[in-house]
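Trainee: only geometry, no sequence info:
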């Protein structure tokens, strides 16, 4: 495996979990709160994992016992992104610069969604603001019983702008509930997150949550990577398009991908009652 060394993230490849990458946010002394260079590292990691043929599924978790991430490092942001250092500049030009910067940050989070490999987020503890932005860009979310979620942005004077307001309603299918938690910034717990469909599963502890996420990733890793990556792509496309558009894109996609040898390998393994093996993609 190529070297994956980053300042604020641990990237490991558990030897007992073939084809699985484990990405861990690693700033536990600051409750894994994000500042700008962490956004860029996150994007670099998922962009790289997307094309790594040795990886078929990814788990994202947070280091330490207290938080998956507390969200934006407000102190760092107040000295950078949120500071008013160009108060005398032309408002239109200042707005253009801010728009470009927000677009860049949105792209960092979208790198999770654009990653060709399925991404499973394992939440625990405090999971505020950016934690939700990250989760809705992923494919599957699981959590520990102690988790505390919040769409926190209105409490710091802004509308969430890197994914939650666009993706969360599509994840849970309940605009009323989304508007409530986004407008109030109130906490919601594991039971409520499970009830509304934000998380797939709740585990007792952080350790069980990460282990469960890794087991799920391992199961995905046993499937045809052609089929898995195609399924993620087609589901994301169909979510954002009409049914006829989704069907047409699926037909075009599979007209190429059904030529894979993986179909024959899967069918033969079923007949021969053995586990199939698939080439890297």
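Mentor: On my side now, so go ahead. Treat the numbers as computed from the prediction; the structure is a model and nothing was measured.
Trainee: can we go C-alpha only for contacts and neighbour counts from here?
Mentor: OK.
Trainee: next, residue 261: phi, psi?
Mentor: phi -70, psi -10 (degrees, to the nearest 10).
Trainee: gap between it and residue 279?
Mentor: Look at residue 261 and residue 279: by Cα to Cα, to the nearest Å, they are 9 Å apart.
Trainee: ok, now residue 43?
Mentor: For residue 43, the distance to residue 279 - Cα to Cα - is 27 Å.
Trainee: ok, these two, which is more surrounded?
Mentor: residue 43 (19 against 11; other Cα atoms under 10 Å).
Trainee: ok, the closest residue to that one other than its chain neighbours to residue 155 distance?
Mentor: Nearest non-adjacent residue to residue 43, counting by Cα to Cα, 6 or more residues apart in numbering: residue 108, 4.6 Å away. For residue 108, the distance to residue 155 equals 23 Å [Cα to Cα].
Trainee: neighbour-wise, which of the two wins?
Mentor: Using other Cα under 10 Å as the criterion, residue 108 and residue 155 rank with residue 108 on top: 23 against 13.
Trainee: now the helix or strand containing the more buried one: buried residues?
Mentor: Here residue 108 sits within helix 91-114, counting by DSSP states H and E. Within helix 91-114, the residues that qualify as buried are 105, 106, 107, 108, 109, 110, 111, 112, 113, 114, counting by 16 or more other Cα atoms under 10 Å.
Trainee: reformat those residues as TSV; add pLDDT and distance to residue 236.
Mentor: Shown next, in TSV, are the buried residues of helix 91-114 (pLDDT from 0 to 100; distance: Cα to Cα, whole Å):
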residue	pLDDT	distance to residue 236
105	90	20
106	91	17
107	94	16
108	94	18
109	96	15
110	96	12
111	97	13
112	98	12
113	97	8
114	97	9
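Trainee: would JSON lines of these with distance to residue 94 be doable?
Mentor: Shown next, in JSON lines, are the buried residues of helix 91-114 (distance: Cα to Cα, whole Å):
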{"residue": "105", "distance to residue 94": "17"}
{"residue": "106", "distance to residue 94": "18"}
{"residue": "107", "distance to residue 94": "20"}
{"residue": "108", "distance to residue 94": "22"}
{"residue": "109", "distance to residue 94": "23"}
{"residue": "110", "distance to residue 94": "24"}
{"residue": "111", "distance to residue 94": "26"}
{"residue": "112", "distance to residue 94": "29"}
{"residue": "113", "distance to residue 94": "29"}
{"residue": "114", "distance to residue 94": "29"}
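Trainee: domains in the protein, by residue range?
Mentor: With the TED database as the criterion, the domains of the chain are listed as 9-222, 225-272.
Trainee: which of these is buried the deepest?
Mentor: domain 9-222 (a mean of 19; mean count of other Cα atoms under 10 Å).
Trainee: now do that domain: distance from first to last residue.
Mentor: 26 Å.
Trainee: secondary structure element for residue 15, which one?
Mentor: Here residue 15 is assigned to no helix or strand, by DSSP H and E.
Trainee: for residue 17, which non-adjacent residue is closest in space?
Mentor: residue 218 (5.6 Å).
Trainee: how far away is that neighbour from residue 136?
Mentor: 21 Å.
Trainee: and if you look at residue 198?
Mentor: For residue 198, the distance to residue 136 - Cα to Cα - is 8 Å.
Trainee: what is in contact with those two at once?
Mentor: Listed as contacting both residue 198 and residue 136 by Cα atoms under 8 Å, 6 or more residues apart in numbering are residue 171.
Trainee: so for residue 84, what's the pLDDT?
Mentor: Looking at residue 84, its pLDDT reads 55.
Trainee: please apply the same query to the one 5 residues further on.
Mentor: You'll see residue 89 listed with a pLDDT of 76.
Trainee: against residue 100, how distant is it?
Mentor: 16 Å.
Trainee: quick one, strands of the stretch 51-200 of the chain?
Mentor: 57-62, 67-69, 119-123, 126-128, 140-144, 148-150, 188-189 (DSSP state E, counting those that start in this stretch).
Trainee: got these as CSV, with distance to residue 93 and mean pLDDT columns?
Mentor: Shown next, in CSV, are the strands of the stretch 51-200 of the chain (distance: least, Cα to Cα, whole Å; pLDDT from 0 to 100):
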stretch, distance to residue 93, mean pLDDT
strand 57-62, 37, 98
strand 67-69, 33, 98
strand 119-123, 37, 98
strand 126-128, 32, 98
strand 140-144, 39, 98
strand 148-150, 33, 98
strand 188-189, 39, 98
